[in-house]
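In: Give the three-dimensional model of this entry:
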Amino acid sequence: MLFDITHWSPNYLSVMPYHLQLKAIILRAIDEGRFSDVTFLPKPNQIGVSSLFQKEYAVRAFDLLVDEGKLKWVHGRGYCLV
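Out: Predicted coordinates:
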């Protein structure tokens, strides 16, 4: 994996909600080709800095990307690029 989002931390001073910050980071990484086509993203509970970033925010970001057609959910494996 060329891009590691497990150590990402939200910008606490931003007015943008945390899940939208994460979504923007993932979209930028996809557009720049930092993920390979077969990459499964880390599980939502693995994203964040020492549990400061809650799992629910990651799930929201991933679900928004699924709705936009950028990611898909594979039962038993997790989220991957389309």
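In: Sort out which residues of the host helix or strand of Tyr79 are buried, please.
Out: Secondary structure assignment for Tyr79, by DSSP states H and E: strand 78-81. By neighbour count on 16 or more other CB atoms under 10 Å, the buried set for strand 78-81 is Tyr79, Leu81. Using the backbone N, CA and C atoms, a C-beta is placed for each residue, glycine as well.
In: Need the residues that contact it.
Out: Outside strand 78-81, the residues within contact range by CB atoms under 8 Å, 6 or more residues apart in numbering are 30, 35-43, 62, 65-66, 70-74.
In: likewise stretch 25-32?
Out: With CB under 8 Å, 6+ apart as the test, stretch 25-32 has contacts from Phe3, Ile5, Trp8, Phe35, Leu41, Ala61, Leu65, Lys70, Leu81.
In: In strands only, show me these.
Out: Leu81 (DSSP state E).
In: before we move on, the earlier item: any idea of the mean pLDDT in the strand holding Tyr79?
Out: Taken as a whole, strand 78-81 carries a mean pLDDT of 90.
In: Same question for stretch 29-48.
Out: Mean predicted lDDT for stretch 29-48 stands at 81.
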